[in-house]
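In: Kindly generate the corresponding structure for this input.
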Amino acid sequence: LTCPKDALAVMVDIFHEYASKDGNAHSLNKGEFKEMINAQEDPGSKLRSPNYKEGIQKLMIDLDSDKSGEIDFSEYMTFLASLAVVCNEYLLESMKGCQKPCK
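Out: Numbers count the residues shown, from 1 in each chain. Predicted coordinates:
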């Protein structure tokens, strides 16, 4: 990615790629959401725990602010914003003690 608009385009494209799989192209149902999360996960990730399925279910319930049973685009963007905050906090923590940004 070379600029912020490229990152935004990727976020929008990913949502619509998965939302359009089961009819309603304006929201992600449980299956689409799970498929999207699984596809975007790093294959070498240690994040998958024994409670992974329950975690995905809880995440979907927490994100579904209008209780429609699906994740609409606004709810998806709330998820991405929250994920960005967590990633930033991790980066800042990992940079403690460095004179310049660690790579």
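In: hey, let's count contacts and neighbours off CA atoms from now on
Out: Fine.
In: Tell me who's in contact with the spatially most central residue of the chain.
Out: Geometric centre of the chain, nearest residue: Leu80, 5.0 Å, by C-alpha atoms, centre = their mean. The contact partners of Leu80, by C-alpha atoms under 8 Å, 6 or more residues apart in numbering, come to none.
In: Name the helix or strand of the chain that has the lowest mean pLDDT.
Out: helix 52-63 (a mean of 86; mean pLDDT, DSSP states H and E).
In: right, and the helix or strand after that one?
Out: Moving toward the C-terminus from helix 52-63, the next helix or strand (DSSP states H and E) is strand 71-72.
In: Which parts of the protein are helices?
Out: 4-19, 30-40, 52-63, 73-95 (DSSP state H).
In: which stretch in those is the model least sure about?
Out: Lowest mean pLDDT of the helices of the chain: helix 52-63, a mean of 86.
In: Report the inter-axis angle for that helix versus helix 30-40.
Out: 110 degrees (axes from the mean of the first three to the mean of the last three C-alpha atoms, to 10 degrees).
In: from here on, count from 23
Out: Taking 23 as the first residue, the last one we looked at is helix 74-85.
In: packing partners for helix 74-85?
Out: helix 52-62, helix 95-117 (3 or more C-alpha pairs under 8 Å, 6 or more residues apart in numbering; DSSP states H and E).
In: Let's have the ones you listed in a markdown table, adding distance to Ile36.
Out: As requested, the helices and strands packed on helix 74-85 are exported to a markdown table (distance: least, C-alpha to C-alpha, whole Å):
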| stretch | distance to Ile36 |
| --- | --- |
| helix 52-62 | 8 |
| helix 95-117 | 10 |
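In: Just tell me which of those ends up closest to His38.
Out: Nearest to His38 among these is helix 95-117; the distance by C-alpha to C-alpha comes to 8.9 Å.
In: how big is the angle separating the closest one from helix 26-41?
Out: Going by the same axes, to 10 degrees, helix 95-117 makes 130 degrees with helix 26-41.
In: Can you give me the buried ones in helix 95-117?
Out: Within helix 95-117, the residues that qualify as buried are Phe95, Glu97, Tyr98, Met99, Phe101, counting by 16 or more other C-alpha atoms under 10 Å.
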